[in-house]
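1. Sequence first, predicted coordinates after that:
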Amino acid sequence: MEKRLPPRILSKKAKEIWQEVTLTYEMVPSDYPLLELALTSWDEAQAIKAKIEKDGFILTDGKKRKAHPGISALKESRLVFLRTWKLLGFPVSLEDDNIQDHRGFGRPTNLTKGRVK
């Protein structure tokens with residue numbers, strides 16, 4: 001089966017996940033765009049999360065307080081990641097000890113389930 005290199009636009013960590021997934025799972029050509037979408041969404045969520053952590057969840061402008069505008073974008077990026085990840089048939093476990101590696105998104109840690117080689 002053909003193995004593809006990770007897209008250049010992905011972060012270093014997302015490229016590592018790409019490598020782990022493509023070496024572990026049997027991939028068909030139609031899986032690669034979905035994997036790219038999942039990992040691009042994951043990268044976007046990481047950047048948004050870092051911005052929210054830096055700025056705070058509540059922003060103040062004079063006497064006005066409002067929720068950080070990135071919160072809805074973070075939610076959307078996470079949903080896109082989870083939907084595409086699950087569509088690819090990869091396991092998602094929020095109870096796994098390795099969850100800290102991916103800041104709450106889950107990863108293919110139980111590689112005996114799903115579409116394993």
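-> Yes, it's here. Nothing here was measured: the structure is a model prediction, and the numbers come from that model.
2. From the rest of the structure, what touches stretch 38-52?
-> The contact list for stretch 38-52 (C-beta atoms under 8 Å, 6 or more residues apart in numbering) reads 6-7, 9-11, 13-14, 17-18, 68, 70-71, 73-74, 77-78, 80-81, 84-85, 88, 102-103, 105. For glycine as for every other residue, the C-beta is placed from the backbone atoms N, C-alpha and C.
3. Alpha carbons of that stretch, as CSV, please.
-> Taking C-alpha atoms only, stretch 38-52 is exported to CSV below (Å, rounded to 0.1, in the frame of the first residue of the first chain):
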residue,chain,number,x,y,z
ALA,A,38,-8.4,16.0,10.9
LEU,A,39,-4.9,17.0,11.6
THR,A,40,-5.2,20.5,10.2
SER,A,41,-8.3,21.0,12.4
TRP,A,42,-6.2,19.6,15.3
ASP,A,43,-3.4,22.1,14.6
GLU,A,44,-6.0,25.0,14.4
ALA,A,45,-7.5,24.0,17.7
GLN,A,46,-4.1,23.9,19.4
ALA,A,47,-3.3,27.4,18.1
ILE,A,48,-6.7,28.7,19.2
LYS,A,49,-6.4,27.1,22.6
ALA,A,50,-3.0,28.7,23.2
LYS,A,51,-4.4,32.1,22.3
ILE,A,52,-7.4,31.6,24.7
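4. Give the rounded mean pLDDT of that stretch.
-> Stretch 38-52 comes out with an average pLDDT of 95.
5. Now do the SS call for Lys66.
-> Per DSSP: H, G, I helix; E, B strand; the rest coil, the local secondary structure of Lys66 is strand.
6. From what I see, it and Asp55 are in contact.
-> No: no contact is recorded between Lys66 and Asp55 when judged using C-beta atoms under 8 Å, the distance being 11.5 Å.
7. neighbour-wise, which of these two wins?
-> In this comparison of Lys66 against Asp55, neighbours counted by other C-beta atoms under 10 Å, the higher total goes to Asp55 at 12 against 9.
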